[in-house]
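Novice: Below is the structure, and that's it, no one-letter string:
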């Protein structure tokens, strides 16, 4: 006898129906296809940017050059991030030469900003490690060692003065780090410190003939010149004892004699009395701010020693011509930047530099660009070298320093805002000199 089916518990039909439908769906679903490689990186992902010029790198090379997710982007206009690539910088920020450092630092800042907003150094930020070195050779030694050892910078910009560089240059070879002079003008010592010391500057053996030539055009009747200057400071002692005598004689001007004095002189009355008694036709002068050129000029005016003066470049930056005022009227000197240049690149730099100088409380007003453009050029040259050498924070320290050294030695026909720059075998890359004349408390270009 067939038993009638049992009544199923309440709710069982619903459970069975859901299970049956799930089973049918699983059986009918297709096998999942592999995920396609996207042709465009999704938003927020890190991707290697294609080169802006030249052929696209093969996929394998791109993969090898990729790093972890922490790698910063290198796109121009973006703020770089990640481990910085460090360059050292020594300049006077205190003491009588602090105005020099304030003006030069504007160029350093513009160079650092322009590098970091144009792709940085292969995507990694450039960082300038800065220290005050106020024309003190012993402090320069300490700071060069600190930058090379503790801070592990890849190269050092500065120190500022020739006296400081006299002791810093030997350390370049000892520590095997590029040390780059940008204002040191004393001729001769770069060739003695190959291959790690370099200079991008207009040395005194280049600017002095230009100053003398300009002087002769303005004062053709002058036949003899008295040399006056600070014989204690290294670079101006070189000017007084070697540079002025050589190039005055080369230009057909007789040297009447020499009157030297020490850095720190404040009372020039006896010195100028002696000069007045010698009755010079003209004066060739040399002093840094430590030699108090303003005090010397004002004592000449007080004692009415009214003769034309040509000066070396060593007090040209900063407020000294403003402070000298009428006492320096007509003095000739030189600069490493032509403010009247029609080069758009130079004029753009001048405009941006001047805007920064006009609002910087550390800069004496009115501010004038004279010897600072080459500092910006050196910054951009370094940036270009490091990019082309593929330097990153992972590059071994000594390897990176060596690549920079080799890149500096190979600089040729670089079109900078201060002119055309080529490194010579002796380690000097000379910047063209521009003759200046003091007019109404300011330096003006002589054409």
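Specialist: Right, received. Where do you want to start? All values derive from a computational prediction rather than experimental measurement.
Novice: From what I see, residue 364 and residue 320 are in contact.
Specialist: No: between residue 364 and residue 320 there is no contact under C-beta atoms under 8 Å: 9.1 Å. (Glycine included, C-beta is placed from N, CA and C.)
Novice: and residue 333, that's in a helix?
Specialist: No: under DSSP: H, G, I helix; E, B strand; the rest coil, residue 333 falls outside any helix and is assigned strand.
Novice: Please enumerate the shared neighbours of residue 364 and residue 320.
Specialist: residue 99 (C-beta atoms under 8 Å, 6 or more residues apart in numbering).
Novice: And those two? Which one has more around it.
Specialist: The neighbour comparison of residue 364 against residue 320 (other C-beta atoms under 10 Å) goes to residue 320, with 21 against 17.
Novice: any idea how far that one is from residue 358?
Specialist: 19 Å (C-beta to C-beta, to the nearest Å).
Novice: List the contacts of the nearest residue to residue 157 once chain neighbours are set aside.
Specialist: Nearest residue to residue 157, sequence neighbours excluded (C-beta to C-beta, 6 or more residues apart in numbering): residue 89, at 4.7 Å. With contact set as C-beta under 8 Å, 6+ apart, residue 89 has these partners: 108, 128, 129, 130, 131, 156, 157, 158.
Novice: need the longest helix for the chain.
Specialist: helix 98-116 (DSSP state H).
Novice: ok, the helix or strand that that helix is followed by: who's next to it in the sheet?
Specialist: Going down the chain from helix 98-116, the next helix or strand is strand 126-132, by DSSP states H and E. Sheet pairing of strand 126-132 (DSSP bridges) gives strand 85-91 (parallel).
Novice: now the strand it pairs with against helix 98-116, angle please.
Specialist: Following axes from the mean of the first three to the mean of the last three C-alpha atoms, to 10 degrees, one obtains 160 degrees for the angle between strand 85-91 and helix 98-116.
Novice: Tell me how far strand 85-91 lies from the chain's centre.
Specialist: 9 Å (C-alpha atoms, centre = their mean, to the nearest Å).
Novice: For it, buried residues please.
Specialist: 85, 86, 87, 88, 89, 90, 91 (16 or more other C-beta atoms under 10 Å).
Novice: now do stretch 388-397
Specialist: 389, 391, 392, 395.
Novice: Identify the farthest-apart pair in those residues.
Specialist: 389 and 392 (9.9 Å; C-beta to C-beta).
Novice: circling back to that earlier point, gap between the residue nearest to residue 157 and residue 176?
Specialist: From residue 89 to residue 176 the distance is 19 Å (C-beta to C-beta).
Novice: what do you get for residue 255?
Specialist: 43 Å.
Novice: how about the strands in the stretch 151-300 of the chain?
Specialist: 156-157, 179-181, 197-201, 224-230, 254-261, 283-286 (DSSP state E, counting those that start in this stretch).
Novice: Show me the strands paired with the shortest one, marking each as parallel or antiparallel.
Specialist: I take that to be strand 156-157. Going by DSSP bridges, the partners of strand 156-157 are strand 85-91 (parallel), strand 179-181 (parallel).
Novice: Any chance of CSV for these, columns mean pLDDT and distance to residue 165?
Specialist: Output for the strands paired with strand 156-157, formatted as CSV (pLDDT from 0 to 100; distance: least, C-beta to C-beta, whole Å):
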stretch, mean pLDDT, distance to residue 165
strand 85-91, 98, 10
strand 179-181, 97, 5
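Novice: Quick check: which of the ones you listed is nearest to residue 308?
Specialist: So among the strands paired with strand 156-157, strand 179-181 is nearest, using C-beta to C-beta, at 30.9 Å.
Novice: ok, and what's touching that closest one?
Specialist: 144, 155-159, 165, 168-169, 171-172, 190, 196-201, 378, 408.
Novice: Which residue comes closest to the residue positioned nearest the centre of the chain once chain neighbours are left out?
Specialist: By C-alpha atoms, centre = their mean, the chain has its centre lying nearest to residue 375, at 3.1 Å. Nearest non-adjacent residue to residue 375, counting by C-beta to C-beta, 6+ apart: residue 107, 3.9 Å away.
Novice: these two touch, right, that neighbour and residue 371?
Specialist: No: in this structure, residue 107 is not within contact of residue 371 by C-beta under 8 Å, at 9.7 Å.
Novice: Tally up the residues packed near the residue nearest to residue 375, please.
Specialist: 27.
Novice: Spell out which residues sit in contact with it, please.
Specialist: 353, 372, 373, 375, 376, 379.
Novice: Compute the inter-axis angle for the helix or strand encompassing the first one and helix 98-116.
Specialist: Secondary-structure assignment from DSSP H and E places residue 353 in helix 344-359. Counting by the same axes, to 10 degrees, helix 344-359 points 130 degrees away from the direction of helix 98-116.
Novice: ok, residues contacting helix 344-359?
Specialist: So helix 344-359 is contacted by 103, 106-107, 109-110, 337-339, 341, 363, 365, 367, 369, 372-373, 376, 415, 417-418 (C-beta under 8 Å, 6+ apart).
Novice: Okay, buried residues for it please.
Specialist: Neighbour-count burial for helix 344-359 flags 346, 349, 350, 352, 353, 356, 357 (criterion: 16+ other C-beta under 10 Å).
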